[in-house]
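Student: Sequence plus predicted model, see below.
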Amino acid sequence: MRINFFDGIAANENKIVPRINYGFSFLDEMTGGISQDDFILIAAYSGQGKTSFAEMLATNFALQNKRVLFYSLESFNNEIAVRREFAEIRKQLFNKRSPLSTRFNMRSWRAGEYEKDQLYQLAKKEAHGKIIENTKMRNINIFYRDTSEFNIEHLQKSLQEVKFEKLVDVVIIDHLHFFDGYENQNENVKIKKLCNQIRDLGLLYNIPIVLFGHLRKREKKSDIKVPDMEEIHGSSDSYKQATTVVTFSHAFDRQSSTENSFPTYFRVCKDRFNGSLNRYAVCVNYSVIHNNYQRQYTLMDCKKFGTEVEVVENIPAWCRNHTHVI
């Protein structure tokens, strides 16, 4: 498409681009949120909470009255609802100061091991009431794999259907490495093609897409604390297609000052409109009780390819929820 420069200026005059908030202070303050033409890649090490974070994002979008299509390709059927119920019951158990709250776990809960506990029964009832009250959660539609295969053609077909019916404002895909197809090609080529096609679908249907993926397996001798996008599993073309790239990992080197909280590093490795963000990371507490990340965070400088971090002294203007104590 060829557009004259001044025609482009005229077309953009008085044009307001709507934004969707991530619902996490550190990401909204750093990036300004999500626009309709964004393709966002979020990556973490295996077992460090990608699906949980995707679920939190879906909830945050729904609370803004945005219609969410959530492709949970790794999950068993109805897993996202199960996770939500578990988290809400755990929150109620903590609120009641039940001794069960500190040993409440998913496997035992699903096996029915807590059914005879009276406080559990009360917490369960209140949790169900809270979930039902939150009618905005109806904005989330979840797609689970109902066949042994899910490829880019399946994604295109389902996006076409929901876009035609005007049922979607934002798409979450969890995650990239669970797509099928391109079996006769090496993994890097497969990931490159998938990212290109997913990006094209977002532009075609004018829908922002948040795509989750793996970071490379961390070597035992690795000193990396805050991963850069070079650590994303697969071809570098995966992050070249993205407008925003975010990585996160457990902050094993830091202690939380808050009980039942665990520090996590987040890094905006790439942002189309602000290339300076890559120098920063944030350390933010994940609250087990609230199943969410806290509003306040510590802004850090990344040094030596993410192997060293230190608290920023000169806080940038966009950083409004920085604290030296997490």
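Tutor: Done, it's in.
Student: Settle this for me: Leu211 is touching His175, isn't it.
Tutor: Yes - using C-beta atoms under 8 Å, Leu211 is in contact with His175, at 7.1 Å. Yep, even glycine has a C-beta here, placed from its N, CA and C like the rest.
Student: Comparing those two, which shows the higher neighbour count?
Tutor: Using other C-beta atoms under 10 Å as the criterion, Leu211 and His175 rank with Leu211 on top: 25 against 22.
Student: all strands of this protein, in order?
Tutor: 19-20, 34-35, 39-44, 68-72, 140-144, 170-174, 209-214, 244-250, 261-271, 280-287, 292-303, 308-311 (DSSP state E).
Student: between those strands, which gets nearest to Lys190?
Tutor: Lys190 lies closest, by C-beta to C-beta, to one member of the strands of the chain: strand 209-214, at 12.3 Å.
Student: Would you mind extracting the C-alpha trace of the closest one into PDB?
Tutor: Extracted in PDB, the C-alpha atoms of strand 209-214 (Å, rounded to 0.1, in the frame of the first residue of the first chain):
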ATOM      1  CA  ILE A 209      -3.200 -10.200  20.200                       C
ATOM      2  CA  VAL A 210      -1.300 -11.200  23.400                       C
ATOM      3  CA  LEU A 211       0.800 -14.300  22.700                       C
ATOM      4  CA  PHE A 212       2.600 -16.300  25.400                       C
ATOM      5  CA  GLY A 213       5.700 -18.300  24.800                       C
ATOM      6  CA  HIS A 214       8.600 -20.100  26.400                       C
END
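Student: ok, and the closest non-adjacent residue to Leu277?
Tutor: Distances taken as C-beta to C-beta, 6 or more residues apart in numbering put Val268 closest to Leu277, at 4.4 Å, once the chain neighbours are dropped.
Student: no, scratch that, I was asking about Asn206
Tutor: Nearest one to Asn206, counting by C-beta to C-beta, 6+ apart, is Gln36 at 5.4 Å.
Student: now the one you found: how far from Ala54?
Tutor: 20 Å (C-beta to C-beta, to the nearest Å).
Student: Look at those two and report which has more neighbours.
Tutor: When neighbours are counted by other C-beta under 10 Å, Gln36 and Ala54 differ, and Ala54 comes out ahead with 24 against 16.
Student: can you map out the helices along this structure?
Tutor: 5-12, 25-31, 50-63, 79-95, 106-110, 118-133, 152-164, 187-205, 237-240 (DSSP state H).
Student: picking up where we left off before, identify the residues contacting the residue nearest to Asn206.
Tutor: 17-18, 206-208 (C-beta atoms under 8 Å, 6 or more residues apart in numbering).
Student: Taking those residues, tell me the two that lie furthest apart.
Tutor: Most distant of the contacts of Gln36, by C-beta to C-beta, are Val17 and Ile207, 14.1 Å apart.
Student: These two: who's more crowded?
Tutor: Ile207 (20 against 8).
Student: show me what contacts the residue nearest to Leu277?
Tutor: 27, 30-31, 244-246, 277-278, 280.
Student: how about the helices of the chain, which one is nearest Thr264?
Tutor: It's helix 50-63; of these, that one is closest to Thr264 (C-beta to C-beta) at 9.3 Å.
Student: Correct me if wrong: Met229 contacts Tyr239.
Tutor: Yes - assessed by C-beta under 8 Å, Met229 is found in contact with Tyr239 at 4.4 Å.
Student: got any residues that touch both of the two?
Tutor: In contact with both Met229 and Tyr239: 41, 245, 269-270, using C-beta under 8 Å, 6+ apart.
Student: nearest to Cys195, of the residues you listed?
Tutor: Distances from Cys195 to these, taken by C-beta to C-beta, are shortest for Leu41, at 7.8 Å.
Student: So what's the residue count around Val226?
Tutor: 25.
Student: Would you agree it is in contact with Phe305?
Tutor: No - the criterion here is C-beta under 8 Å, and Val226 misses it with Phe305 at 9.2 Å.
Student: quick revisit: present the contacts of Gln36 as a markdown table; the columns should include distance to Lys163 and pLDDT.
Tutor: Listed next are the contacts of Gln36 as a markdown table, based on distance: C-beta to C-beta, whole Å; pLDDT from 0 to 100:
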| residue | distance to Lys163 | pLDDT |
| --- | --- | --- |
| Val17 | 19 | 70 |
| Pro18 | 16 | 77 |
| Asn206 | 8 | 91 |
| Ile207 | 7 | 93 |
| Pro208 | 13 | 96 |
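Student: In TSV: those, plus distance to Leu63.
Tutor: TSV is the format used below for these (distance: C-beta to C-beta, whole Å):
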residue	distance to Leu63
Val17	21
Pro18	16
Asn206	22
Ile207	19
Pro208	17
